[in-house]
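Asker: Fold the following.
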Amino acid sequence: MKHNISLRRKQGELNMRKQSKMSFRRYPLLLALALMICSSEASALTGEASALTGEATALTGKASALTGEASVISAEVPVSELTASEIIRKIDDNMFSDSQWMKSRMIVINRRGRKREMVLESWIVGDDKAFSEYLAPKRDRGTKMLKTKKNIWTYTPQTDRIIHIAGHLLKQSVMGSDLSYEDSMEEIKLSESYNASIIRKDKFQERDGWMIELTARTEGLAYPLRRVFVDCERFVPLREERYGKSGRLLKTMTVRKVERIEGRWFPVNCLYKDELKDGQGTEFIVDEIRFNPEISDSLFTRESLRR
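Answerer: Just a heads-up that it's a prediction; the model follows:
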């Protein structure tokens, strides 16, 4: 009797091991993807499977059966192994180019839900030159802004005056929106201006990603502290909180729509909210954008403001 029971137990254990191996072999590609995408640790599969840790693993051609042979190793770094610094460099790669031309809309929504829409055209070169002109509505048409390095000037055709925006004026609202002059003309690379650390893995708008904390490397940045949720597949910030020196939350930004443009993921609809004022926020919509167009340096002069 004991002998029969022992045989049945061994047979049961053998069946369980066979079933376990079959379940891994049935969906090798799905299993490998689950292990690689946004995973802090790679699971140990069996004594025969690769541990998939420490080394970058690539799925090339047909997926490995995850049995006695190790998975194919590639130079491509898995998402799970990226550092915070590498993540924000990938964001910069998406968001920045040598130059940009853009046609956009800015919709200011007050606390009663009433909307005021403005249309503008912008030219940007590097991270220190930007020029914007308002095309609509009629009362704002011809208003222009120029940024060169840390200087900002505005021009309004109604007064035919050029005003240098500096000091506390940089904190003021642009055209009654939730964006300040600093916000509207800010073109800094996160990887060059902030130190980054991963707070946790998270989910936002049904997208997997990381919550990253950014602390300023130098004095003088508008926001010494930022917390950003980064989409781990598209490397686009989907949610951002911007804090002052005191640690108080000043602004939030939520991305509502992302599109693939010229080979990169780019946010084309964002909602900005000044957390210190009433209102429902300012929606910024990119209707057209071109990366790396040729733009003459003559545009970024004070003389261009009156043209």
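Asker: mind checking the longest strand of this structure?
Answerer: When the chain is parsed with DSSP state E, its longest strand is strand 249-261.
Asker: Just name whatever secondary elements it is in contact with.
Answerer: strand 237-243, strand 264-274, strand 281-291 (3 or more C-beta pairs under 8 Å, 6 or more residues apart in numbering; DSSP states H and E). C-beta coordinates here come from the backbone N, C-alpha and C atoms, glycine included.
Asker: can you pull out the strands in the stretch 101-250 of the chain?
Answerer: Assigned by DSSP state E, counting those that start in this stretch, the stretch 101-250 of the chain shows strands spanning 115-125, 129-136, 144-148, 151-156, 161-165, 194-204, 207-216, 225-231, 237-243, 249-261.
Asker: tell me which element Lys90 is part of?
Answerer: In the assignment (DSSP states H and E), Lys90 maps to helix 84-95.
Asker: buried set for that helix?
Answerer: Buried residues in helix 84-95, counted by 16 or more other C-beta atoms under 10 Å: Ala84, Ile87, Ile88, Arg89, Lys90, Ile91, Asn94, Met95.
Asker: Show me the contact partners of it.
Answerer: Residues outside helix 84-95 that contact it (C-beta atoms under 8 Å, 6 or more residues apart in numbering): 77, 82, 189-192, 194, 196-198, 210, 212, 214, 230, 234-237, 264-266.
Asker: Quick check: which ranges of the stretch 1-150 of the chain have low pLDDT?
Answerer: Regions of the stretch 1-150 of the chain meeting the criterion pLDDT under 70 cover residues 1-80.
Asker: 50 instead, please
Answerer: Applying pLDDT under 50 to the stretch 1-150 of the chain flags the ranges 2-10, 13-76.
Asker: Show me the one of the helices and strands packed on strand 249-261 that comes nearest Phe204.
Answerer: Across these, Phe204 has its closest neighbour in strand 237-243 (5.3 Å, C-beta to C-beta).
Asker: Only the buried residues of stretch 254-273, if you could.
Answerer: Using 16+ other C-beta under 10 Å as the test for burial, stretch 254-273 gives Thr254, Val255, Val258, Arg264, Trp265, Phe266, Pro267, Val268, Cys270, Leu271, Tyr272, Lys273.
Asker: For those residues, which two are the farthest from each other?
Answerer: So, the buried residues of stretch 254-273 by C-beta to C-beta: farthest apart are Arg264 and Lys273, at 25.9 Å.
Asker: show me what contacts the closest residue to His164 other than its chain neighbours?
Answerer: Nearest non-adjacent residue to His164, counting by C-beta to C-beta, 6 or more residues apart in numbering: Trp153, 5.5 Å away. If you count contacts by C-beta under 8 Å, 6+ apart, Trp153 has them with Met145, Leu146, Ile162, Ile163, His164, Ile165, Arg302, Leu305.
Asker: switch to 6 Å and redo it
Answerer: Trp153 makes contact with Leu146, Ile162, His164 under the criterion C-beta atoms under 6 Å, 6 or more residues apart in numbering.
Asker: Would you mind measuring from it to Leu169?
Answerer: Look at Trp153 and Leu169: by C-beta to C-beta, to the nearest Å, they are 11 Å apart.
Asker: Ok, Asp202 next?
Answerer: Between Asp202 and Leu169 the computed distance is 37 Å (C-beta to C-beta).
Asker: One more: Asp128?
Answerer: In terms of C-beta to C-beta, Asp128 sits 19 Å off from Leu169.
Asker: low pLDDT regions in the stretch 201-307 of the chain?
Answerer: In the stretch 201-307 of the chain (pLDDT under 50), no residue qualifies.
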